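Q: 3D model of this:
(one chain, ligands or ions: 1)
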Amino acid sequence: MKIDILTLFPNMFKIPLGESIIGRAREKGILNINVINIRDYSENKHKKVDDYPYGGGAGMVMQPQPIDTALEAIDAKNHKIIYMSPKGKTFNQEMAKELAKEERLIFICGHYEGIDQRVIDHWVTDEISIGDYVLTGGELPTMVVIDAVSRLIPGVLGQEESFMDESFYNGLLEYPQYTRPSEYKNMKVPDILLSGNHKKIEEWRKLQALKITKKNRPDMFEKYINGKNLNKEEKKLIQKLLEDKRLTF
Ligand SMILES: C[S@@+](CC[C@H](N)C(=O)[O-])C[C@H]1O[C@@H](n2cnc3c(N)ncnc32)[C@H](O)[C@@H]1O
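A: Coordinates of the predicted model:
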């Protein structure tokens, strides 16, 4: 996948997108990330990129010209152009899955009070928020989306890493994870995980995933148990969970 990032602060991306899984995916050529300094495209002799808002009010607004020229220069037309914005649709795993199917993504990072609306109207295909709070710039939100999307691209995660069981992928939060040692400071790993009985382990994990989802995300739990794709075993497990008085949440 090719990713272009338009930003006023290119240095912010160096380490987060250069290390670990994303760094390896770039080395392998699965991800091709191109960070563009919007200021380089300013036609102002002082390389100015922002100005006061029409109509008054606090802060500065990023001017249309540098962003427009940068988008023209990278031939952005006909691709997904994402403006990270608190006014956008809230990002989630479903959106990550959809974006992971694209061949090319272009991100615009806003700063100050954001970007001139004409750029959004003319160019932007998706406005995405990473949550109901306001950050100083679109750089961190862009990194969040790139990270979530990249790990869904085939070949980015190693064979030993998988997102299939992870939180949100199948509508539930993930079951608890344990590793060696089997006992630490008198705290034991649940016996079932040491039993070698894969069917029982799978059932236990499903039950734990249902429990944690019911406790922390009742909205997701309701949606899941009312879904159409539940198999017989899952229905039995949910019934057991809802009836078993010993299972408190
Ligand atoms: C200070 S914010 C501007 C907020 C804007 N004036 C508003 O009230 O909607 C500056 C930039 O940070 C980015 N940003 C801030 N919060 C964000 C969020 N929750 N999700 C995505 N981007 C965000 C956007 O790119 C935005 O243009």
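Q: Which SSE is immediately downstream of the lengthiest helix in the chain?
A: Longest helix of the chain, by residue count under DSSP state H: helix 198-216. Per DSSP states H and E, helix 198-216 leads on to helix 218-225 as the next helix or strand towards the C-terminus.
Q: any idea of the mean pLDDT for that following helix?
A: Mean pLDDT, helix 218-225: 96.
Q: Make residue 1 into 788 and carry on from there
A: Yep, numbering from 788; the last one is helix 1005-1012 now.
Q: quick one: the next helix-or-strand element following it to helix 985-1003, angle?
A: Moving toward the C-terminus from helix 1005-1012, the next helix or strand (DSSP H and E) is helix 1019-1030. Counting by axes from the mean of the first three to the mean of the last three Cα atoms, to 10 degrees, helix 1019-1030 lies at 50 degrees to helix 985-1003.
Q: next one: helix 1019-1030 to chain centre, how far?
A: Distance of helix 1019-1030 from the chain centroid (Cα atoms, centre = their mean, to the nearest Å) equals 31 Å.
Q: Return the set of buried residues in that helix.
A: Buried residues in helix 1019-1030, defined by neighbour count with 16 or more other Cβ atoms under 10 Å: 1021, 1024-1025, 1028. Every C-beta, even on glycine, is put in place using the N, C-alpha and C of the backbone.
Q: Keep the residues you listed, but drop any that are not near the ligand.
A: For the ligand, no contacts are drawn from the buried residues of helix 1019-1030 by Cβ under 6 Å from any ligand atom.
Q: what would the residues you listed look like in TSV with pLDDT and distance to Met930?
A: Below are those laid out as TSV (pLDDT from 0 to 100; distance: Cβ to Cβ, whole Å):
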residue	pLDDT	distance to Met930
Glu1021	91	35
Leu1024	89	37
Ile1025	92	37
Leu1028	87	37
